[in-house]
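Fold the following, please.
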Amino acid sequence: MRIQSIVFTLAAGIVGVLLAQEPTAERIDPAQAKQTKQDRIAALKQSLAANQAALKQYTWTETTQIKLKGEVKKTEQKACQYGPDGKVIKTPMGSPSQPEQPQQQAQGGKRGGRLKEKIVENKVDDMKDYMERVAALVHQYVPPDPEKIQAAQAAGNVDATPSQQVSRITIKNYLKEGDSVELGFDTEAKKIVNYNVNSYLDKPKDDALTLAVTWAPLADGINHVQQTNLHAAAKKIDVSVTNSNYKKVGQ
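Numbers count the residues shown, from 1 in each chain. As a prediction, the model looks like this:
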């Protein structure tokens, strides 16, 4: 009995030591965690600003392709470069392909035929407008805007994991009420490694959109948006924007 008592006492002592060494949520300094998150967000904004400044010495080609139900409806290319005001200037290259007009079936009478033709034309115009608005929305999310991130942070809508090398940063109400942005930021390389968006065009439930962005480095290490893919499930529309052919100005 005496030996068992000694063994039990030793075991309890070892467990107590191990528990004392194990980190717990209570031992994490809230102030330190908050500062770490702020550091992560600050590093992200600095990285975005540095990349944008570095890309000002480049020209590149932007290719936008719009699909409806899996069928390509429009493809266009634009030559891009930053202007003196810091905004990207996009110049159309060639003639963009336009959506095909639906074939008209023979109608029983002129009046009825004209009415149906008008209805079809209106539907085509509405779809063209929708696709163009969706394509424009892509550019409001990509690349991320440091000023929008700052505004969301000031409103308390930005959070970041405090202790991982690839920090997950989430942003709510980035561009619209109820949207969300989530990105992975490599805190050592100071680069975005993934970027995803949940948003909508007009109504959150009826016009939900998802956005996935692929990043890649140029030869000199500048991190840039290589491809953006947007999916509008309700309308069965997909928009892809690819950036390529980067060249330094004057070369």
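
Which residue, neighbours along the chain excluded, lies closest to Gln52?
Pro143 (7.3 Å; C-beta to C-beta, 6 or more residues apart in numbering). Backbone N, C-alpha and C define where each C-beta goes, glycine included.

What's the local residue count around the one you found?
Pro143: 20 surrounding residues under other C-beta atoms under 10 Å.

Need the three-state assignment for it.
Here Pro143 is coil, with the state taken from DSSP: H, G, I helix; E, B strand; the rest coil.

and the gap between it and Ala234?
Using C-beta to C-beta, to the nearest Å, we find Pro143 at a distance of 26 Å from Ala234.

Kindly report the same for Ala152.
Distance of Ala152 to Ala234, given as C-beta to C-beta: 26 Å.

just checking, what packs against the helix or strand containing Cys80?
In the assignment (DSSP states H and E), Cys80 maps to strand 71-82. Applying 3 or more C-beta pairs under 8 Å, 6 or more residues apart in numbering; DSSP states H and E, one finds that strand 71-82 contacts strand 58-68, strand 88-93.

could you give the mean pLDDT of the last one?
Averaged over strand 88-93, pLDDT sits at 93.

Tell me the neighbouring strands of it, and mark each as parallel or antiparallel.
If you go by DSSP bridges, strand 88-93 pairs up with strand 71-82 (antiparallel).

What lies in contact with the partner strand?
52, 55-56, 58-67, 88-94, 96-100, 131, 243, 249 (C-beta atoms under 8 Å, 6 or more residues apart in numbering).

residue ranges with poor pLDDT in the chain?
1-28, 95-126, 162-163, 251 (pLDDT under 70).

quick one, helices of it?
Along the chain, the stretches classed as helices by DSSP state H are 2-21, 30-55, 110-141, 146-154.

residues of the shortest one that come out buried?
Of all the residues in helix 146-154, those buried under the rule 16 or more other C-beta atoms under 10 Å are Lys148, Ile149, Ala152, Gln153.

and it, what other elements does it pack with?
Secondary elements touching helix 146-154 (3+ C-beta pairs under 8 Å, 6+ apart): helix 30-55, strand 166-172.

any chance of these in TSV, plus distance to Ser180 and mean neighbour count?
Listed next are the helices and strands packed on helix 146-154 as TSV, based on distance: least, C-beta to C-beta, whole Å; neighbours: other C-beta atoms under 10 Å:
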stretch	distance to Ser180	mean neighbour count
helix 30-55	16	15
strand 166-172	5	18
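
With distance to Val197 added, can I get these in TSV?
Listed next are the helices and strands packed on helix 146-154 as TSV, based on distance: least, C-beta to C-beta, whole Å:
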stretch	distance to Val197
helix 30-55	15
strand 166-172	9
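
Tell me which of the ones you listed sits nearest to Asn196.
Nearest to Asn196 among the helices and strands packed on helix 146-154 is strand 166-172 (10.1 Å), distances taken as C-beta to C-beta.
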